[in-house]
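Engineer: Show me the folded form of this:
(one chain, ligands or ions: 2)
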Amino acid sequence: MFKTRLLGVPYSREFRWDKCYKGKDYRGKDSEAKVYGVKVMTELEKTKMPSQRSLGDTAGDAEGSVLGRAESSIRTSINTSEELMGLVLRIERTSIHDGQGLRTVIFLKGCPLRCQWCSTPESQRHEPERGYVTDRCNGCGTCVNICQQGALAIAKQEGKVIINSSKCRVCFVCAEKCPQNAIKKYGRLMSATETVREISKDEIFFFYSGGGVTISGGEPLAQSEFVSEILRRCRGQGIHTAMESSLYAPFESVLKVLPWLNVLYVDLKHMNEELHKQWAGRDNSLILANLRNVDDSDTPLDIIVRIPLISGVNDSDANLMAAAEFCQSLRKLQEIELLPYHRLGLETYRNLQRDYPLKDLLPPVGERILERAGFLARQNPKVPVRVGGELVN
Ligand code: SF4
Ligand code: SF4
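Structural biologist: Ligands and ions are numbered 1, 2, ... in the order given. Here you go, the predicted model:
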């Protein structure tokens with residue numbers, strides 16, 4: 001059968017029910033799946049919808065108010081609608097890299113960090129952006145004629161469009177009309193209802209593969225109310241939920257999404273506070289505190305820590321030992337995953353006409369990746385370490 005060939009897992013209605021509502025609590029003790037499911041449904045009924053809360057309900061502390069700015073700017077710009085809206089970068093279906101089974105991944109736009117190795121620069125800014133793929137342009141001139149700002153022209157020699165960014169008002173009219181899809185629009189507003197409808201289209205795949213929805217970014221917690229609403233509705237439909245986050249957000253934002261999460265993926269980019277700031281733009285104190293608080297919370301969910309492996313940045317013995325030591329104390333931790341650096345974002349930097357800080361850095365070779373994964377696994381043999389989808393220990 002399809003599911004058996006693809007994933008090699010058996011299933012039944014009981015099995016799926018169990019998966020949806022996690023038939024174990026965070027301490028790993030088995031519990032009555034159905035009883036737990038009933039408990040969750042009771043919580044669902046009792047909990048007030050985030051969209052019903054005051055829209056001025058932002059983080060209180062100084063750090064929070066800085067972090068809350070992006071989220072509130074999205075809220076205020078879209079608050080003419082009664083629907084909760086979010087800025088979505090793209091939706092990817094049937095992913096096998098972002099959680100168990102086949103996943104529908106909702107990539108949101110906007111992130112407070114600026115990791116120098118970021119492979120999705122189009123996800124960083126908290127607003128829609130224009131990109132331009134030079135190779136696709138055939139110089140037809142449609143966009144030049146349509147642009148009201150006179151921001152476009154055809155370069156005589158190359159026969160391709162050149163964009164005067166100082167004149168461009170980022171209206172995206174050219175992107176809509178370009179027959180070659182050479183001008184791209186990164187990011188669009190979607191309502192929670194529309195987003196959940198898109199997710200629901202893949203329910204059959206979730207059912208057969210044990211998959212579900214994964215919210216990724218950018219930083220999902222920069223739009224925590226939107227994410228909370230999507231996850232709440234998905235859980236109500238019995239869809240398994242996961243989120244990939246840096247946890248760089250006020251804990252109030254984390255608390256909004258926590259009740260609706262089955263699995264939380266957290267990046268530990270660097271354990272040294274100063275070096276984290278140097279390479280990611282912000283220090284790691286808030287991230288580590290949030291991760292500790294999530295682990296201490298009563299919310300039953302699994303934590304998977306991800307470490308991007310960047311040569312000369314965070315692949316030292318000292319950093320991996322510090323990461324392993326921190327992880328050792330996390331009760332909800334299921335495994336650590338190493339994500340070797342790659343250069344797949346290079347073209348997107350070009351499309352955005354943005355400089356890529358690590359353009360000369362080469363990805364680590366296979367032997368080095370396995371050696372580092374083995375080293376990490378030896379620090380705490382009880383915690384599974386995974387790299388490239390394979391368990392190391
Ligand atoms: S409409 Fe598209 S293909 Fe035509 S000139 Fe403009 S960017 Fe190039
Ligand atoms: S986004 Fe709008 S203003 Fe900018 S180049 Fe295209 S049509 Fe002109």
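Engineer: Now do the same for the strand ranked longest in the chain: mean pLDDT, whole number.
Structural biologist: Ranked by residue count, the top strand of the chain under DSSP state E comes out as strand 85-95. Per-residue pLDDT over strand 85-95 has a mean of 97.
Engineer: Show me what secondary structure element comes after it.
Structural biologist: Next along the chain after strand 85-95, taking DSSP states H and E as the criterion, comes strand 103-108.
Engineer: list the helices and strands that following strand packs on?
Structural biologist: strand 85-95, helix 192-200, strand 212-216, helix 224-236 (3 or more Cβ pairs under 8 Å, 6 or more residues apart in numbering; DSSP states H and E). For the C-beta atoms, the positions are set from N, CA and C on the backbone; glycine is no exception.
Engineer: Where does the stretch 151-300 of the chain get nearest to ligand 1, residue-wise?
Structural biologist: Residue nearest to ligand 1 within the stretch 151-300 of the chain (Cβ to the nearest ligand atom): residue 178, separated by 3.3 Å.
Engineer: Look at that residue and say how many residues are nearby.
Structural biologist: Residues contacting residue 178 under the criterion other Cβ atoms under 10 Å number 21.
Engineer: Would you tell me which one of the helices and strands packed on strand 103-108 is buried the most?
Structural biologist: The highest mean neighbour count among the helices and strands packed on strand 103-108, using mean count of other Cβ atoms under 10 Å, belongs to strand 212-216: a mean of 28.
Engineer: List the contacts of that one.
Structural biologist: 95, 98-101, 103-108, 199, 206, 227, 230-231, 234, 239-244, 262, 265 (Cβ atoms under 8 Å, 6 or more residues apart in numbering).
Engineer: relative orientation of the longest strand of the chain and strand 212-216 in degrees?
Structural biologist: 130 degrees (axes from the mean of the first three to the mean of the last three Cα atoms, to 10 degrees).
Engineer: strands paired with strand 85-95, and their directions?
Structural biologist: strand 103-108 (antiparallel), strand 188-191 (antiparallel) (DSSP bridges).
Engineer: Compute the inter-axis angle for that strand and helix 224-236.
Structural biologist: Using the same axes, to 10 degrees: strand 85-95 against helix 224-236 is 50 degrees.
Engineer: Please point out which parts of the helix or strand encompassing residue 292 sit buried.
Structural biologist: In this structure, residue 292 sits in helix 285-296 according to DSSP H and E. Going by neighbour count (16 or more other Cβ atoms under 10 Å), the buried part of helix 285-296 is 286, 287, 288, 290, 291, 294, 295.
Engineer: cool, stretch 98-116 as well?
Structural biologist: Quick answer for stretch 98-116 (16+ other Cβ under 10 Å): 98-113, 115.
Engineer: Show the average pLDDT along it.
Structural biologist: For stretch 98-116, the per-residue pLDDT averages 96.
Engineer: on that earlier part again, turn the strands paired with strand 85-95 into a markdown table, columns for distance to residue 344.
Structural biologist: Formatted as a markdown table, the strands paired with strand 85-95 follow (distance: least, Cβ to Cβ, whole Å):
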| stretch | distance to residue 344 |
| --- | --- |
| strand 103-108 | 14 |
| strand 188-191 | 22 |
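Engineer: circling back: which of the three states applies to the closest residue to the residue of the stretch 151-300 of the chain closest to ligand 1 other than its chain neighbours?
Structural biologist: In this structure, residue 178 finds its nearest non-sequential neighbour in residue 143, 5.5 Å apart by Cβ to Cβ, 6 or more residues apart in numbering. Counting by DSSP: H, G, I helix; E, B strand; the rest coil, the backbone at residue 143 sits in helix.
Engineer: Would you mind stating the distance between residue 143 and ligand 2?
Structural biologist: Distance of residue 143 to ligand 2, computed by Cβ to the nearest ligand atom, to the nearest Å: 6 Å.
Engineer: Just to check, that residue is in contact with residue 161?
Structural biologist: Yes: in this structure, residue 143 is within contact of residue 161 by Cβ atoms under 8 Å, at 6.2 Å.
Engineer: what do the two both touch?
Structural biologist: Contacts common to residue 143 and residue 161, judged by Cβ under 8 Å, 6+ apart, are 152, 183.
Engineer: What is the end-to-end distance of stretch 259-279?
Structural biologist: End-to-end distance for stretch 259-279: 32 Å, by Cα to Cα, to the nearest Å.
Engineer: Give me the buried positions along it.
Structural biologist: 259-272, 275-276, 279.
Engineer: For ligand 2, find the nearest of the strands paired with strand 85-95.
Structural biologist: Using Cβ to the nearest ligand atom, those put strand 188-191 closest to ligand 2, at 14.1 Å.
Engineer: tell me the mean pLDDT over the closest one?
Structural biologist: Here the average pLDDT along strand 188-191 is 97.
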